[in-house]
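compute the structure for the input listed below.
(one chain, ligands or ions: 1)
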Amino acid sequence: MDLDRLTARSAEIADTETTQWLARTTASKALYERAVKSLPGGVVSNFQAGDPYPVYLEHGKGSTVTDVDGNAYVDFHGGFGVNVVGHAHPKIAEAIRKAADDAIHFAVTSPNTVALGEAICERFNAEQVRFVNSGTEATMDAIRVARAATGRDKIIKMEGSYHGHHDSVLFSVVPEADVLDLRHNVGDTPTGWYTTQPTSKGIPKALWDTTIVVPFNDAEAVRQAFDDNAGEIAAVILEPVMMNIGIVVPADGYLQALKDACEASGAVLIFDEVKCGGTIAYGGAAERFGVQPHLAAWAKAIGGGSTIGAFGGDGAIMEYVTKGAAQQGTFNGNPLSSAIGLAALTQVLTRDAYDHLGKLGTLLAEGCNRAIAEAGLPAHTVDLGAKGCVSYRATPLTNYRDFLETHTEIYWASYPWMVNRGIFMTPGDEEQWTISVQHTEDDIQRYIDAFGEFCQELSS
Ligand SMILES: Cc1ncc(COP(=O)(O)O)c(C=O)c1O
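Okay, the predicted model is just below:
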């Protein structure tokens with residue numbers, strides 16, 4: 001289809017559908033007007049903000065969520081990948097009720113916390129684990145422990161990747177295209193080197209030189225960074241499958257090449273499995289792609305909806321938390337979160353559950369692919385268990401620069417279209433769908449039908 005025509009149709013659809021969406025969400029608008037007085041932006045995380053206001057949700061049951069206007073949706077947002085157990089799962093509800101009677105908080109380790117530690121070690125093939133309260137803390141502590149174990153300061157991260165909101169990793173997270181024109185080639189700097197761009201105000205300048213940015217799926221760039229910073233790199237941190245620009249899968253051999261490069265240089269390979277850990281396979285990306293990192297960070301789905309994160313891996317590295325690397329937190333592994341996480345990992349997210357998630361995911365991706373092909377759109381799908389997405393680019397992405405070439409305008413037409421047809425999505429083409437164990441084939445068909453109609457409308 002002609003690209004100018006596609007852009008024009010996308011704008012028309014976005015306009016019509018947004019007008020309808022605004023008319024259906026007057027209670028969200030009113031709540032926003034109230035919320036914005038006490039909460040900057042009317043929300044509690046910048047990722048929850050909306051234009052002109054976000055949808056505010058009130059209920060979740062099974063695979064369905066309901067907003068404050070009473071609109072019901074099939075939930076494919078999944079709380080940014082947390083809700084693989086779905087909403088109000090009976091096993092999770094039971095664990096919460098029991099914790100209410102037994103213990104919510106001690107700041108003393110409890111038996112359920114120990115059991116959850118064992119469950120995580122078994123599932124992700126880790127020798128030792130420590131708990132935290134979010135994905136941000138998990139990557140922060142993993143990096144600290146890697147620095148402590150190596151006695152080095154620098155880390156390597158991938159351009160475009162998000163690892164939470166602590167200072168060391170808030171560099172070159174989805175940088176704007178015009179910022180990237182600063183890619184430089186001066187003096188001793190090797191050709192094609194990638195610059196480190198702060199993603200937030202308030203990041204100390206002193207940290208810029210400690211975070212080295214390279215493109216995903218380019219093992220040579222990592223080897224080069226090791227050569228250029230000999231004996232200075234503590235860790236390479238990456239999402240083994242990038243999940244904040246749609247989904248970018250690792251090329252064959254890439255993850256193993258990074259592990260080899262780390263081992264050759266005495267550095268630590270850290271997988272950020274915050275998003276992929278509980279979603280794309282029972283044992284996360286390490287299992288799915290067959291490469292075991294030295295350390296990994298987990299959060300989101302592993303907590304079954306509770307506030308939890310964890311990091312762990314090789315015992316010889318983890319023991320640095322008892323040898324001077326600060327690792328603490330009042331709420332770490334609290335009884336409530338541990339009880340919920342334990343129920344999620346041992347009773348709900350079993351190996352059988354991943355078979356179910358895999359079947360539904362493939363059904364959804366195949367349905368979307370058919371619609372894309374029939375309408376002749378420049379798009380493709382990625383299918384990884386509970387996670388998947390439509391990327392508005394004809395060919396798969398290999399790194400962040402490819403994401404800059406996606407047809408964002410089509411996504412922004414699809415978003416209000418799907419929401420108006422009862423499909424709750426993450427607002428932004430950098431995200432992806434999350435399927436829960438409580439989703440059914442009917443839920444998936446509903447998505448496929450709405451998406452198919454969208455593709456037809458776009459190409460009409
Ligand atoms: C890959 C990845 N790492 C870390 C984080 C940070 O997790 P949290 O929001 O729990 O701090 C996120 C959050 O989306 C993430 O996607």
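
contacts and neighbour counts: CA atoms only from here.
Noted.

okay, now Glu319: neighbour count?
Residues within reach of Glu319, counting by other Cα atoms under 10 Å, total 15.

a helix runs through it, doesn't it?
Yes. Looking at Glu319 with DSSP: H, G, I helix; E, B strand; the rest coil, it is inside a helix.

what separation do you get for it and Thr150?
Taking Cα to Cα, to the nearest Å as the measure, Glu319 falls 13 Å from Thr150.

also Pro175?
30 Å.

what of Gly70?
Distance of Gly70 to Thr150, given as Cα to Cα: 54 Å.

what does Ser168 give?
In terms of Cα to Cα, Ser168 sits 17 Å off from Thr150.

the more surrounded of the two?
Counted by other Cα under 10 Å, Ser168 and Thr150 do not tie: Ser168 has more neighbours, with 22 against 18.

wait, what's in contact with Gly160?
Ser172, Val173, Val174, Pro175, Asn244, Ile245, Tyr400 (Cα atoms under 8 Å, 6 or more residues apart in numbering).

doesn't it belong to a strand?
No. Gly160 sits outside any strand when classified using three-state DSSP, being coil.

for it, phi and psi?
Note on Gly160: backbone dihedrals following degrees, to the nearest 10 are phi 90, psi -20.

can you pull out the strands in the stretch 51-200 of the chain?
57-61, 64-67, 72-75, 128-132, 154-158 (DSSP state E, counting those that start in this stretch).

closest to Ala8 out of those?
Distance to Ala8, taken as Cα to Cα, is lowest for strand 72-75 among the strands of the stretch 51-200 of the chain, at 28.1 Å.

what strands line up against that closest one, and which way round?
Applying DSSP bridges, strand 72-75 is found paired with strand 64-67 (antiparallel), strand 423-424 (parallel).

so what's the gap between that strand and the chain middle?
Chain-centre distance of strand 72-75: 20 Å, with Cα atoms, centre = their mean, to the nearest Å.

what do you get for stretch 59-79?
With Cα atoms, centre = their mean, you get 20 Å for stretch 59-79.

ok, stretch 261-268 next?
Offset of stretch 261-268 from its chain centre (Cα atoms, centre = their mean): 26 Å.

alpha carbons only: can I get that stretch in CSV?
C-alpha atoms of stretch 261-268 as CSV (Å, rounded to 0.1, in the frame of the first residue of the first chain):
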residue,chain,number,x,y,z
ALA,A,261,33.3,-12.0,25.7
CYS,A,262,32.5,-11.4,29.4
GLU,A,263,34.3,-14.5,30.5
ALA,A,264,37.4,-13.7,28.4
SER,A,265,37.5,-10.3,30.1
GLY,A,266,36.5,-11.3,33.7
ALA,A,267,33.2,-9.4,33.5
VAL,A,268,29.7,-10.4,34.5
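
residues contacting the closest residue in space to Ala310 that isn't next to it in sequence?
Nearest residue to Ala310, sequence neighbours excluded (Cα to Cα, 6 or more residues apart in numbering): Phe131, at 4.3 Å. Counting by Cα under 8 Å, 6+ apart, Phe131 makes contact with Ala138, Ile308, Gly309, Ala310, Phe311, Asn332, Gly333.

from the residues you listed, which land in strands?
The strands, defined by DSSP state E, take in Gly309, Ala310, Phe311 from the contacts of Phe131.

residues near the last one, how many?
Applying other Cα under 10 Å, we find 31 other residues in the vicinity of Phe311.

from what I can see it touches Ala296, true?
Yes. Counting by Cα atoms under 8 Å, Phe311 does reach Ala296; the two are 5.5 Å apart.
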